[in-house]
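>>> Got a predicted structure plus its sequence, pasted below:
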Amino acid sequence: MSTLAVQDHGAVHHGEDHGHHHHDTFLTKYIFSQDHKMIAKQFLVTGITMAFIAMILSILFRIQLAYPDKAFPLMETLLGRFAPGGRLDSNFYLALVTIHGTIMVFFVLTAGLSGTFSNLLIPLQLGARDMASPFMNMLSYWFFFAASVVMLSSFLVQKGPASGGWTIYPPLSALPKAMPGSGMGMTLWLISMVLFIASSLMGAINYVSTVLNMRTKGMDLWKMPLTIWAFFLTAILGILAFPVLVAGVVLLIFDRSFGTSFYLSEIVIGGSSVQPFEGGSPILFQHLFWFLGHPEVYIVIMPAMGISSEVMSVNSRKPIFGYHAMVYSLIGITVLSFIVWGHHMFVTGMNPFLGGVFMITTLIIAVPSAVKTFNWLATLWRGNIRFTAAMLFAIGMVSFFISGGLTGIFLGNAALDINLHDTYFVVAHFHLVMGSAAIFGMLAGVYHWFPKMYGRVMNEKLGYLHFWLTFIGAYLVFFPMHFMGLGGVPRRYYAFTEFVEWNKWLSVNVFITWAAIMAAVAQVAFAVNFIYSIFWGKRATQNPWQANTLEWTAPVEHVHGNWYGEIPTVYRWPYDYSKPGAEEDYIPQTVPLSQTMSSNVQHDFEDNPAGLDAYAKFTAAKKSSEEVK
Amino acid sequence: MMMANIEQEDKLQLAPKKFNMWIFIFTSFMLFAALTSGFIVYSGGHGTGINIKLPAIFTYSTILIALSSVSMYLASKAARELQLQKQRLFLWVTILLGVAFFALQTYAWLVLLPQMGVFFINPNASQSFIYVFVWIHLAHILAGVLLLGNTLLGAYRNKPQVKNLFGMQMSSIFWHFVDIIWIYLYVFLLLNQY
Ligand code: HEM
Ligand SMILES: [Cu+2]
């Protein structure tokens, strides 16, 4: 911790003079780095790369949905045996949907989001030199990287990647012969996920331990920014939920490869080949999967919530509305998210009485979600809003969370769900509330903390372009899906032209596909901006957004150990924006109350009797001097 | 708060690392909790329990692993009192008891259970679950023995006492956990015999 060597962060030139002023080699600095800031950037770049790949997959299947009967010779050139004659193979269509979902949920919105921002911000915002175990942190990244490689490599196997959906329900996932994707592709999927879970757990263990043990002087839990609260609770969710998925996957592997019957019972493949399984219960898998799966969706959204809260407070120049309520609602979500998993199984043969119980718990979880939403809106209310790109994305996150959350209330109703389950209504719900909202939270974080990561600022104009095209694009893509779902159109179907009933939705599908293509092209604006700004962006000042949190007191250039000399001490909560009586519209956490006599209020001294005394004397003196006047 | 700050500047970060171990144990506990819940969902849904009387060998192995916790405790005590000789001895005892436990469990799944007609590949998955419990627990035992071996090696290399104690604490947290988990699994299986 004592090596305060300056890590030359120019990124453009790191050749000859290397190794003179510090003992990092290229390998330990850029590849097997144990520095949390570098690991954060590794997670971010890998996450963004995976996001682009998954996005391209989605465009491929969107083209299929819009033009099921048309041949695109280019498709065959690109995909070879997966698109014979220029038409997407039906099994490959299912593989695309599956891998798109898997990558987006796990690799982008879990590892990409938590991995980047927990790593970057937990030590920096809490005033720690690094993570509890930097070595484990490094392993966490490399397990994630290996998982990504294995997942993508499944495109290279003869029969294609896993295709049973991101939820890998048996029997499709348990019988290697069930469909082409159930063979080698599924095996690779499982290997990749085991690596991924190991990575997530190592990361989460570190985050929790760092938050609880390594805060700087004065940083008690109630002085932590909401970002940290969100990352902390997210990590706890991961620690509780991922091992359950391991249990589910272990039993699945036994069924696949050893012939047990945990999930499989009497089953016939292809009308003739009777399988030797007896007595298993596919519902068991669904219980184990969704016990992880539902907390997982909150693992995805909570960091986005934390980031948006912080970004919105900074850019409204106002304290976050209801800080305590924000924390308690995060805690409420964390606890409740473990008792609602059954809402994914209303129609899969669960006891209807149990369905009723899960319906009630599901509707209760809407309450803390609503508390958060109202608090965000109240934070914006009459603020001095600065519409930075980050701010726009944070507001976008709230917008998507509202429009997607409302449909959750429909789905959470066990009776309504009989109609809606497995239709495009569900697809619309979770792409708004989880997909779009979490991506927007993540992008808000990228725009906001880019100066902290790369020492430069991203281009605002390109940011606006990126925001508006993506925002409009996402609504155009996902909003019409509600109507398709209400019309009974099922998800994961290859070609709706095969069914007279759903033929009429083809025009809607064409519309959605073109909207998706527009939104995808808009991401080029982001990619260009991101890469350009890393190397040639405007240099950042130390505190470009005039924010209060600790990371902005650290030097712009990255130092191993984050601060030269002593770590700053914290004296106040992070949301003293536009405090009446203060000289400026923000007071960093490192400014002691004794330096801000004119803006202190009684509330600042709640558990500090000596301070309260001094404050009382100060106000008394002020009063009497006013009387003299 | 004071404590946290002193530790923060502590170069080795031992306290947070020990905390990492506790959290790891928690994840491990969740894994077993999930497996036993899976058992309950399965056997409850099918009305089929294990339907056998568990072989007595599990009782013997349980006694062994409980004894190993005692010797682990004695080793930690010796380490705290700077009695290096005794620490090594009790670490050896713990490791040997761990290996013996491993052997008994292996004998049970290789020989006894198959003799009783309880197979891993089985239309009554409740019985397959016994194997899963034993195996996943044995994987933990293996990790525990390796950890103990590493600590023992450290004790021979005369590490500084801070590190020696740290190693002892890490391995005893883990070893006691592995012990308690087996007792939990065994009681769970006993209660679900019929
Ligand atoms: C406002 C509270 C919410 C309620 C009441 C709710 C309810 C539901 C219900 C009942 C389903 C199952 C629909 C079906 O399959 O028939 C569902 C699906 C889903 N929800 Fe929510 N939800 C809520 C918020 C969220 C949030 C915040 C996220 C993520 C951040 C989310 C992500 C998902 C996902 C990913 C699925 C679909 C999983 C799949 O089948 O592939 N939901 N939701
Ligand atoms: Cu859910």
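Looks like it came in fine. Ligands and ions are numbered 1, 2, ... in the order given.
>>> which SS state does residue 169 fall under?
In the absence of a named chain, this looks at chain A. Three-state call for residue A:169 (DSSP: H, G, I helix; E, B strand; the rest coil): coil.
>>> Please refer instead to chain B.
helix.
>>> Is it in contact with residue B:18, as I believe?
Yes. Applying Cβ atoms under 8 Å as the test, residue B:169 and residue B:18 come out as touching, 6.1 Å apart. In this view, the C-beta of every residue, glycine as well, is placed from N, C-alpha and C.
>>> which ones are touching the residue of the stretch 451-600 of chain A found nearest ligand 1?
Closest approach between the stretch 451-600 of chain A and ligand 1, counting by Cβ to the nearest ligand atom: residue A:491, at 8.1 Å. Applying Cβ atoms under 8 Å, 6 or more residues apart in numbering or on different chains to residue A:491 gives the contacts A:422, A:423, A:424, A:426, A:427.
>>> go with 10 Å
A:97, A:165, A:421-428, A:481, A:484-485 (Cβ atoms under 10 Å, 6 or more residues apart in numbering or on different chains).
>>> Residue B:113 too?
Contacts of residue B:113 by Cβ under 10 Å, 6+ apart are B:52, B:54, B:55, B:57, B:107, B:119, B:120, B:127, B:130, B:131, B:134.
>>> where does the stretch 201-350 of chain A come near ligand 1, residue by residue?
A:297, A:300, A:301, A:343, A:344 (Cβ under 6 Å from any ligand atom).
>>> Next, the contact list for the spatially most central residue of chain B, please.
The centroid of chain B falls nearest to residue B:178 when counting by Cα atoms, centre = their mean (1.7 Å). By Cβ under 10 Å, 6+ apart, the contact list for residue B:178 reads B:25, B:28, B:65, B:68-69, B:98, B:101, B:137-138, B:140-145, B:147.
>>> Count the residues that sit near the closest residue to residue A:435 other than its chain neighbours.
Distances taken as Cβ to Cβ, 6 or more residues apart in numbering or on different chains place residue A:104 nearest to residue A:435, at 6.6 Å, with adjacent residues excluded. Here the number of neighbours of residue A:104 (other Cβ atoms under 10 Å in any protein chain shown) works out to 25.
>>> So residue A:104 sits against residue A:434, correct?
Yes. Counting by Cβ atoms under 10 Å, residue A:434 is a contact partner of residue A:104 at 9.1 Å.
>>> Mutual contacts of the two, please.
Joint contacts of residue A:104 and residue A:434 (Cβ under 10 Å, 6+ apart) are residue A:300.
>>> sorry, back to before: tell me the contacts of the residue nearest to residue A:435?
A:50-51, A:54-55, A:57-58, A:110, A:112, A:166, A:300, A:431, A:434-435, A:438-439.
>>> Of those residues, which is the nearest to chain B?
Nearest to chain B among the contacts of residue A:104: residue A:110, at 15.8 Å, using Cβ to the nearest Cβ.
>>> confidence score at the closest one?
At residue A:110, the model reports a pLDDT of 96.
>>> How about the one 3 residues further on?
According to the per-residue confidence, residue A:113 scores 96 in pLDDT.
>>> Then residue A:458?
pLDDT at residue A:458 comes out at 96.
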